[in-house]
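Chemist: coords please:
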Amino acid sequence: MKRILGIILSLLLAAGLLTSCGSEEGLQDGYYTAQAAEFNHGWKEYVTILVKGGDIISVEYNAENPSGFIKSWDNSYMQTMLHIQGTYPNEYTRYYAGQLLEGQGEGKIDAIAGASTSHASFQILAQAVLEQARRGDSSIVIVDTNH
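Modeler: Numbering: from 1, shown residues only. The predicted structure follows:
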């Protein structure tokens, strides 16, 4: 009887170890957010992903000002940046987010000319949010994006 109980306990322990090892490698289902620690030129960037069935199904990359206004909604900012840099937040935020979604966190994120600072921040935030998803930690992670 003790031998049977020992075998059962060993099997349960092994199954538990296999389950926990597998879950640490993949992305855990849930919402995950990484946010810049500080405002940069009046904006604080963030990346939020939704993972379902171990896959990223949604990515939001944006920035907000201290009042919570979203950068890609700022038409005045968009017009100014477009004329100076050749791109604008609603374009590059969707582009970077789309690459993360398409590559499922495994692919390279190509930069858009005129948005290289945001590209660098996005890469830092994306790595942090992916780490949160691997751990299954849905708390907002605050990241130093100064580069």
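Chemist: Model confidence for Leu13, exactly?
Modeler: Each residue has a pLDDT score; the one for Leu13 is 44.
Chemist: what's the answer for Ser72, then?
Modeler: Note on Ser72: pLDDT of 91.
Chemist: and it, how many residues sit next to it?
Modeler: Neighbourhood size, Ser72 [other C-beta atoms under 10 Å]: 19. Using the backbone N, CA and C atoms, a C-beta is placed for each residue, glycine as well.
Chemist: residues contacting Trp73?
Modeler: The neighbours of Trp73, taking C-beta atoms under 8 Å, 6 or more residues apart in numbering as the test, are Asn90.
Chemist: Distance of it relative to Gln35?
Modeler: Distance of Trp73 to Gln35, computed by C-beta to C-beta, to the nearest Å: 18 Å.
Chemist: same thing with Ile109?
Modeler: Ile109 is 18 Å from Gln35, where distance means C-beta to C-beta.
Chemist: Gly136 now?
Modeler: Going from Gly136 to Gln35 by C-beta to C-beta gives 18 Å.
Chemist: With that, I have no additional questions.
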